[in-house]
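Undergrad: Model the structure of this input:
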Amino acid sequence: MIKLLADKHAMPEFEYVKEVILHFFPLDYFEIFVTRLFDKKITNYKLPEYEDATTEKAQYKHTSYTKAYDKDFEGIESQNRLRSYSGEIASTLKAYGLDTTKFWYLCLMIKDFVEGATKKGCIIGTATHRSEIFDLIKQLNSLKPDLFPSMEPKDIEMELCLKIKKKNSKNAKNITVTKNGHTLLLIQEALSSFILANSNRSTRVDSPVFDPKALSFLKEEKSLRGKIALFYRYLIWFLNKQTVDKEFISNSNYSVPTSKNLLIARMAYFTSLTDNEDFLNKDGEYLRTYISGYEKVKIDTINMYYDASLIDNIRKMQNLNM
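TA: Numbers count the residues shown, from 1 in each chain. Predicted structure coming up:
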């Protein structure tokens, strides 16, 4: 398995997957994705390459995705999604200079992450690392002399302390970190800069802070709208980094759709995230309307697929605290 992961890590097909994981997720998510893919735990439709030939025009609306698997993926059972529109999708990807296979694996990874984060039974938390950092920033902000610009930090009494209590010990130790106002305001600025640099939601910052004694579990699978909104969040970040090849568009003998929303909607369907054919048949505005109000949906769960080892550790901690 180690050799397999090393080999697959170098595969160019996973280039887009690595790019998104490096931005949003812990690095070990890549190895987990590859393992799940080759262990046939992810429904996979291998995308064929499409030619952009003018001779395709006559059958433009009749090209379709096919279940053409590599040897590594033989035997995967999956829902039949032989539909039209693959020609349009391939042309859209070419217009943005994107590789069909690399993009397909990216969509599979995002879809798999979304499903693992929204399944019934996921562990949820009441706070995230981000929310706790925000609370600390808010407390430090309240000490800033905004109402009195002439007042210096030295004129305000501030103190940052830590309370440390060893497990199974009755006594706690209070440690003063600093009493210096300037230091505290610098800490506030550093935390604010960190949050700004990590403004995109990510597992690193937005995973729940858990207390084994106060864990709760997702009683019902999260709504499809929430799932689609998460799928959109990660994929639109990637697509917004791409630019359209205007020369490709002008030289094409047929209309090439360049709507990123439409592309995401169709990929949500073809990855089996949704069975709603409106994602194929309607325009990109349908997707925006569909996820309206869910754009800022929180990741407040520990991913059932990608954080399995963490979940095991939490359950062990629960047993120790029972």
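
Undergrad: From here on, just use CA atoms for contacts and neighbour counts.
TA: Will do.

Undergrad: what comes up buried for stretch 300-312?
TA: Neighbour-count burial for stretch 300-312, with 16 or more other C-alpha atoms under 10 Å as criterion, is recorded at Asp300, Thr301, Ile302, Asn303, Met304, Tyr305, Tyr306, Asp307, Ile311.

Undergrad: In this structure the last one contacts Ile302, no?
TA: In this case it means Ile311. Yes - look at Ile311 against Ile302 with C-alpha atoms under 8 Å: they come within range, at 7.4 Å.

Undergrad: Mutual contacts of those two, please.
TA: Shared contacts of Ile311 and Ile302, defined by C-alpha atoms under 8 Å, 6 or more residues apart in numbering, comprise Ile123.

Undergrad: Below-threshold pLDDT in the stretch 201-322 of the chain: ranges please.
TA: 201-204, 206-208, 210-215, 310, 313-322 (pLDDT under 70).

Undergrad: hey, where'd the strands end up in the stretch 1-150 of the chain?
TA: Secondary structure of the stretch 1-150 of the chain (DSSP state E, counting those that start in this stretch): strands at 123-124, 127-128.

Undergrad: in its sheet, what does the first one sit against?
TA: Using DSSP bridges, the neighbouring strands of strand 123-124 in the sheet come out as strand 216-217 (antiparallel), strand 301-302 (antiparallel).

Undergrad: and of these, who's closest to Tyr96?
TA: strand 301-302 (33.6 Å; C-alpha to C-alpha).

Undergrad: Not counting residues beside it along the chain, what's closest to Ile137?
TA: Taking C-alpha to C-alpha, 6 or more residues apart in numbering, and ignoring the residues beside it in sequence, Ile137 has Gln188 as its nearest neighbour in space, at 5.7 Å.

Undergrad: Test my guess that that neighbour contacts Asp135.
TA: No - applying C-alpha under 8 Å as the test, Gln188 and Asp135 come out as separate, 10.9 Å apart.

Undergrad: Could you export the strands paired with strand 123-124 as JSON lines, including distance to His23?
TA: Shown next, in JSON lines, are those (distance: least, C-alpha to C-alpha, whole Å):
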{"stretch": "strand 216-217", "distance to His23": "28"}
{"stretch": "strand 301-302", "distance to His23": "18"}
